[in-house]
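S.K.: When you get a sec, could you give me coordinates for this:
(2 chains)
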Amino acid sequence: MRGKETDPLIAEAAGGGDTVGPAISARGVHKHYGGIRALEGAEIEIAPGEVHALLGENGAGKSTLVKIFAGVVRPDAGEIRVAGRTLTAGSPLEAREAGIATVFQELSLIPQLSVAHNLVLTAFPRRGPLLSVASANEIAREALAKLGLDHIDPRGAVGRLPLDQRQMVEITKATMTRPQVLILDEATSSLNRAEVDRLFDLARTLRDQGTTVVVITHRMHEVWALADSMTVLRDGRTIGRYAIDEIGQQDAVSLMAGRDITSVFPAKHLAETTSTALELRNVRLRRGQTPWDLELRRGEILGLGGLQGQGQREFLLWLYGAGAGGGSVIRDGKTVRIRRPGDALRHGIVLIPEDRALEGLHLNLPVRWNLAMATLRRRSHLGVLSMTAEKRFAAEAVARMAIKSSSPFQPVSALSGGTQQKVVIGKFMAVDPAVLLFVDSTRGIDVQTKFEFYEMLRSLARSGAACVLYSSDTEELVGLCDRIAVFHDGVPVQMLVGDEVTQDAVVGASFAAVEGAL
Amino acid sequence: MSAPAHPPARRPARATAFAWQRSYTSGVLAALLFLFYLTRTGWTFGGIEALGITNDALPLALAAVGETFVILTNGIDLSIGSMITISNVTLAVLCSHGFGIFAVVIVVAIGAVAGLINGLIVCYMRIAPLIATLATGSIYLGISLMILPNPGGTVPQWLTNWTTGDISTSNFPIAGLWLILSIAGGWVLLRRTNFGIRLQALGGSETSSWSAGINVVRVRIGAYVAAGVCSALAGVVLGGLTQSGDPTIGAVYLLGAVAAVVVGGTSLAGGIGTIAGSVLGAVVLSLVSAVLLVSGISANYQYIVTGLIVIGALLAHSLQSKLDLLATRRSQRFVRAPGEGRR
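M.R.: Residues are numbered from 1 along each chain as shown, chains lettered A, B, ... in the order given. Alright, predicted model coming up:
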């Protein structure tokens, strides 16, 4: 069921006749980044007062399109119209004046400034000739309260807020301009369920008031929960526009991938005789808690479940020597001390960080050096690198990880998010890790790359590595993991094994843990 | 209780506290040095001493205030010394030709134009501020030497009275008044005007500021113009102090100004800083020479002591950030990874 294709859509629009024009539209938008083609004639048309989802893999061009809407990126060609008016390309100010407000995937707040300062930055209230911080705080307080965010202090520094609260501030900021078009680019990726619900309620309220809402998310169920219609993009082109009830999730995924994905998750590996990779004893992430034990097994994928922010991330950071906590790590019967990431790497423990740009990549360097970074010493003599060995290493790593780049010399900053993720993993794979820790690795990654990631994770496990995965996406945990430890308040309160691993069981255990503790 | 997944954390550090805490160091240092100074002079502090210290501090403080604006944008202005020189010699020459008060107006305009040139080069030619201002500084110095190759010229008495004299009835040094005014003016400009807020935003994150619709180029150029104007004022004050022009006068103020800004707690990474801190930083550096003077130690040691104080202040700032981070950690649910809180 391949709904309407692109051409009829354009013909229909070009035919005129509609009394109400689209709230926002894009025609023939092209954008190239170096050798990478982000958009190749994308077309989109969104009616006023609808919630419209933009679907596509990473690299399909969704984020680029949104950035062009926001005026942050200047297209090579094409036309953007808002309420019938053509926008000058590459002017964030004009986009804003036309009523477009965007919540970006990368947070756009200024960490040094207070929440209130960030919210009123370009429309600071005045008292006489000077700005009034008191009224700024008041305005911010009201705006936050309207979204049920009373617990956020407008005077607090944004840089000191947890990621999810920052995200909510970001959304508040976007809604403050009373936009005609509100664009949410991966806005839910760091929110918990309650916050997502609140955000969706807000989006519906805004829609009912006539605001057009554009949503980008990789969580398919969110699309069907919120959107009225969708546009599917693939490889920078528009595949089609669909109403929400004329297409199912599976079909949409197939359209995005350009083929049918029958099963997203690779078959689980039910190894009967798994041996211990690491034994963790008397682990304590917070002072005064009962210590607990955990065993990481070779050849299995262990998931860390539970509500968001229950210590899963902190546990992985502790194990990697990058966070606080106490307890002993036993490897092959010997207690090993891990006080910094260097120690962890020496013992074959690697962590794939969630924030690729900040923690996993050297954005200024080309692909090959990024891949080589963790193992430079192996290919050098007396500190001098062997270039032939480097060349061979880079070629092997690029091939092994199936990294799509125009050359190994391409700066890693020019790659798409999913490809960057592969570079990060490729770097760590070079140390032949025994234990791999993944911190929300699929956040903001498209379906196709996710699929490849799952396959890779499973084959890593099959080759004998112990994989530990924390994901905020329960569906992913359930589909992928052999065992799931449900965390609450820094403690794995329940272990689900084999057949017990179901979406209901994980969600149930997460909420039971909370209720049981109160 | 309905089990909120994110219990409200204890109130996070206020954004404004961020910047202010860092300026405390310079206040404490100034107070300590002043006490030490008093023990040396036998607890006497009269109009003459106050005049000496504030007159010494004022030109440095003005230069430091100017430098603060640029450093807040995550840049640096190395032409400050030369801009001081060019305004100082221009002032002396113009005053010698009887321009009177117009000499000051012209000199300030020259400072603004010099700053504008810096800003335009940095923004439009996309040259790193360090190199761009090093080059323009060299040019400005060359022009200064063309205007006045040797020390000379005259600056009228009224200008001296207005910049570095004392309010005759109370013995209160007028330079002290200017210091206080520059703190107050700097606070208003930085915290209560759109320019100031945008300046901090730009220093915090350029891309965020840009996507928020801020005209980044205009704000950045504004910072360099402000630095030029402040340098020009410093040149005027120096003219009043020495009652002449000198083409070598500005050189020492460049490093002094950067040192004062650093002691004053402004982050070289941009975005965080206070004008008051920089002014106090300048006072600290002036007190160092005053203390050395009354202690009978050779003024040659001044540079070593200044260097040690800059390093000490930086240590204090990093200690402060660590304590701050610790407090934030405690107020949050879980311990964060090292470095994570610094984003």
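
S.K.: can I see the domain layout of chain A?
M.R.: Domain segmentation of chain A under automatic domain parsing yields A:6-99+A:179-257, A:109-177, A:274-348+A:433-518, A:360-432.

S.K.: Can you lay out those domains as JSON lines showing distance to chain B, mean pLDDT and mean neighbour count?
M.R.: From N, CA and C alone the C-beta is placed, and that goes for glycine too. Rendered in JSON lines, the data for the domains of chain A read as follows (distance: least, C-beta to the nearest C-beta, whole Å; pLDDT from 0 to 100; neighbours: other C-beta atoms under 10 Å in any protein chain shown):
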{"stretch": "domain A:6-99+A:179-257", "distance to chain B": "4", "mean pLDDT": "80", "mean neighbour count": "19"}
{"stretch": "domain A:109-177", "distance to chain B": "3", "mean pLDDT": "86", "mean neighbour count": "20"}
{"stretch": "domain A:274-348+A:433-518", "distance to chain B": "4", "mean pLDDT": "84", "mean neighbour count": "19"}
{"stretch": "domain A:360-432", "distance to chain B": "13", "mean pLDDT": "81", "mean neighbour count": "17"}
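
S.K.: which non-adjacent residue is nearest residue A:99?
M.R.: For residue A:99, ignoring the flanking residues on the chain, the nearest one in space by C-beta to C-beta, 6 or more residues apart in numbering or on different chains is residue A:180 at 3.1 Å.

S.K.: just so I know, which of the domains of chain A lies nearest residue B:257?
M.R.: In terms of C-beta to C-beta, the element of these nearest to residue B:257 is domain A:109-177, at 22.3 Å.

S.K.: And that closest one, end to end?
M.R.: For domain A:109-177, the first and last residues are 15 Å from each other (C-alpha to C-alpha, to the nearest Å).

S.K.: Would you mind giving the secondary structure of residue B:160?
M.R.: Reducing the assignment to helix, strand or coil with DSSP: H, G, I helix; E, B strand; the rest coil, the entry for residue B:160 is helix.

S.K.: burial measure for it, as a count.
M.R.: A total of 18 residues lie near residue B:160 under the criterion other C-beta atoms under 10 Å in any protein chain shown.

S.K.: check contacts around it.
M.R.: For residue B:160, the contact set (C-beta atoms under 8 Å, 6 or more residues apart in numbering or on different chains) comprises B:240, B:241, B:243.

S.K.: and with 6 Å instead?
M.R.: Each residue near residue B:160 by C-beta atoms under 6 Å, 6 or more residues apart in numbering or on different chains is listed here: B:240, B:243.

S.K.: and if you look at the one 5 residues further on?
M.R.: Residues touching residue B:165, when contacts are defined by C-beta under 6 Å, 6+ apart, comprise residue B:174.

S.K.: make it 8 Å
M.R.: Contacts for residue B:165 (C-beta under 8 Å, 6+ apart) come out as B:173, B:174.

S.K.: distance of it from residue B:241?
M.R.: In this structure, residue B:165 and residue B:241 are 10 Å apart, going by C-beta to C-beta, to the nearest Å.

S.K.: cool, residue A:454 as well?
M.R.: For residue A:454, the distance to residue B:241 (C-beta to C-beta) stands at 73 Å.

S.K.: now residue A:135
M.R.: Residue A:135 is 43 Å from residue B:241, by C-beta to C-beta.

S.K.: Equivalent analysis for residue B:88, please.
M.R.: On the measure of C-beta to C-beta, residue B:88 and residue B:241 end up 10 Å apart.

S.K.: who's more crowded, these two?
M.R.: Between residue B:88 and residue B:241, counted using other C-beta under 10 Å, residue B:88 has the larger neighbour count: 34 against 21.

S.K.: in what helix or strand does the more buried one lie?
M.R.: helix B:80-96 (DSSP states H and E).

S.K.: For whatever helix or strand comes next after that helix, could you pull out the residues that count as buried?
M.R.: Going down the chain from helix B:80-96, the next helix or strand is helix B:101-124, by DSSP H and E. Of the residues in helix B:101-124, those scored as buried under the neighbour-count criterion (16 or more other C-beta atoms under 10 Å in any protein chain shown) are B:103-104, B:106-108, B:110-112, B:114-115, B:117-119, B:121-123.

S.K.: Keeping just the C-alphas, turn helix B:101-124 into PDB.
M.R.: Output of helix B:101-124 as PDB, limited to C-alpha atoms (Å, rounded to 0.1, in the frame of the first residue of the first chain):
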ATOM      1  CA  ILE B 101      37.100  69.300  25.400                       C
ATOM      2  CA  PHE B 102      36.700  68.300  21.700                       C
ATOM      3  CA  ALA B 103      40.100  66.500  22.000                       C
ATOM      4  CA  VAL B 104      38.500  64.000  24.400                       C
ATOM      5  CA  VAL B 105      35.500  63.500  22.100                       C
ATOM      6  CA  ILE B 106      37.800  62.900  19.100                       C
ATOM      7  CA  VAL B 107      40.000  60.600  21.000                       C
ATOM      8  CA  VAL B 108      37.100  58.500  22.200                       C
ATOM      9  CA  ALA B 109      35.800  58.300  18.600                       C
ATOM     10  CA  ILE B 110      39.200  57.200  17.400                       C
ATOM     11  CA  GLY B 111      39.100  54.400  20.000                       C
ATOM     12  CA  ALA B 112      35.700  53.400  18.800                       C
ATOM     13  CA  VAL B 113      36.900  53.300  15.200                       C
ATOM     14  CA  ALA B 114      40.000  51.300  16.200                       C
ATOM     15  CA  GLY B 115      37.700  48.800  18.000                       C
ATOM     16  CA  LEU B 116      35.400  48.700  15.000                       C
ATOM     17  CA  ILE B 117      38.200  47.800  12.700                       C
ATOM     18  CA  ASN B 118      39.200  45.000  15.100                       C
ATOM     19  CA  GLY B 119      35.700  43.700  15.200                       C
ATOM     20  CA  LEU B 120      35.200  43.900  11.400                       C
ATOM     21  CA  ILE B 121      38.400  42.000  10.800                       C
ATOM     22  CA  VAL B 122      37.500  39.300  13.300                       C
ATOM     23  CA  CYS B 123      34.000  38.900  12.100                       C
ATOM     24  CA  TYR B 124      34.300  39.300   8.300                       C
END
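
S.K.: ok, residues contacting that helix?
M.R.: Outside helix B:101-124, the residues that touch it by C-beta under 8 Å, 6+ apart are B:75, B:77, B:79, B:83, B:86-87, B:90-91, B:94-95, B:99, B:127-129, B:132-133, B:135-136, B:140, B:159, B:217, B:220-233, B:235-236.

S.K.: what residues are up against the residue nearest to residue A:99?
M.R.: With C-beta under 8 Å, 6+ apart as the criterion, the residues that contact residue A:180 are A:23, A:48, A:82, A:83, A:98, A:99, A:100, A:211, A:212.

S.K.: Just to be sure, residue A:188 is in a helix?
M.R.: No: judged by three-state DSSP, residue A:188 forms no part of a helix; its state is coil.

S.K.: Return the list of helices and strands in contact with the helix or strand harbouring residue A:196.
M.R.: For residue A:196, the host element (DSSP H and E) is helix A:193-208. Helix A:193-208 is packed against strand A:51-55, helix A:163-176, strand A:181-185, strand A:212-216, helix A:220-226, with contacts defined by 3 or more C-beta pairs under 8 Å, 6 or more residues apart in numbering or on different chains; DSSP states H and E.

S.K.: ok, residue A:99 - contacts?
M.R.: For residue A:99, the contacting residues are A:82, A:83, A:177, A:179, A:180, A:181, by C-beta under 8 Å, 6+ apart.

S.K.: Residue A:101 is in contact with the first one, correct?
M.R.: By that I understand residue A:82. No: if you go by C-beta atoms under 8 Å, residue A:82 and residue A:101 don't touch, sitting 11.7 Å apart.
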